[in-house]
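Undergrad: 3D model of this:
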Amino acid sequence: MTTSDAHAEDGAVAAWVLEARLEPGPGRPIRRAVRAAGAILFAAVGAEVSDLGREAQLVVRRIDTGREVLRMDAGHLVEADQVLQRARLDLETRSERDFVAEWAPVDARPGREGGSGTGTGAGDA
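TA: Below you'll find the model as predicted:
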């Protein structure tokens, strides 16, 4: 089944029911300390440090309930913005089921034993 076949079956693209955003990553004290030291070192030699030390997570939520469907590390701000743009493009061009199948971590996908995922809610539409 192609993506366009899935659209014909589902009748909706994922963007109608899901939204993607970037949120600050979790606080990790050791990582922050190492990055702060690196920022000081880079600043001392005049290097650009505008995004050093700041990480983001991609968070996808259901529009109707606000329920979190997906959360993943997206990297530093520049990389995270690229991940967000890719996710938004996929939300606009794929069905909800296809989007979740593509973006959900392998251990969080339905049918996987021992997964640590919180579930995707893809069937809740």
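
Undergrad: So in terms of bridging, what pairs with R71?
TA: V59 (DSSP bridges).

Undergrad: List the contacts of it.
TA: Neighbour list for R71: 57-60 [criterion: C-beta atoms under 8 Å, 6 or more residues apart in numbering]. Any C-beta I mention is one placed from the backbone N, CA and C, and that applies to glycine too.

Undergrad: With A56 as the reference, measure out to the residue nearest to A87 when sequence neighbours are not counted.
TA: Take A87 and drop its neighbours on the chain: the residue closest to it by C-beta to C-beta, 6 or more residues apart in numbering is A20, 4.3 Å away. If you measure A20 against A56 using C-beta to C-beta, to the nearest Å, the figure is 12 Å.

Undergrad: go on, D81?
TA: Computed with C-beta to C-beta, the distance linking D81 and A56 is 8 Å.

Undergrad: Which of these two has more residues huddled nearby?
TA: A count of neighbours by other C-beta atoms under 10 Å puts A56 above the other of D81 and A56, at 21 against 15.

Undergrad: what helix or strand does that one sit in?
TA: Secondary structure assignment for A56, by DSSP states H and E: strand 55-62.
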